[in-house]
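In: Below are the sequence and a predicted model for it; my questions follow.
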Amino acid sequence: MAHFAELDDNNNVLRVVVVSNEHEHRGEEYLRDDCGLGGKWIQTSYNHKIRKRFAGQGMSYDPVADVFYPIKPFPSWIKDESNFGWKAPVDKPNDGKRYIWDEPTVSWVEVKQPTE
């Protein structure tokens with residue numbers, strides 16, 4: 001079985017469908033013409049052999065890098081082209097403490113441990 005992701009005009013994944021092996025070689029054409037699904041389709045792979053990761057609804061496709069990006073966790077985060085993911089615009093402190101991202105302040109906030 002082959003999997004194909006439908007993309008909107010902004011290359012966001014709308015859905016992923018399964019195509020039988022007999023139609024895999026012409027999957028995009030098969031989905032548009034034979035199934036009448038229209039739209040823009042691109043193949044994705046569970047084993048990550050193509051396009052870095054398996055596509056899922058809400059993810060985005062980068063046609064230049066030919067990869068699917070996971071859902072952007074926060075509006076301020078930027079593409080990390082070294083691993084095809086997202087990263088905060090500010091590096092997380094590396095001081096052994098626990099932090100969470102605070103989008104309103106666009107910063108890392110220390111998670112305070114409860115006192116006994």
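Out: Looks like it arrived, so ask away.
In: Buried ones in stretch 31-50, by neighbour count?
Out: Buried positions in stretch 31-50, judged by neighbour count with 16 or more other C-beta atoms under 10 Å: 31, 32, 41, 42, 44. Heads up, the C-betas are built off the backbone N, CA and C, glycines and all.
In: For the residues you listed, point out the one with the lowest pLDDT.
Out: Note: of the buried residues of stretch 31-50, the lowest pLDDT belongs to residue 32, at 80.
In: In contact with the residue nearest in space to the middle of the chain, which residues?
Out: Centrality entry for the chain: nearest residue to the mean C-alpha point is residue 70, 2.4 Å, by C-alpha atoms, centre = their mean. Each residue near residue 70 by C-beta atoms under 8 Å, 6 or more residues apart in numbering is listed here: 53, 59, 85, 86.
In: wait, which of these is closest to residue 76?
Out: Of all the contacts of residue 70, residue 86 has the smallest distance to residue 76: 9.9 Å, by C-beta to C-beta.
In: List phi and psi for residue 5.
Out: In terms of degrees, to the nearest 10, the main-chain angles of residue 5 are phi -100, psi 140.
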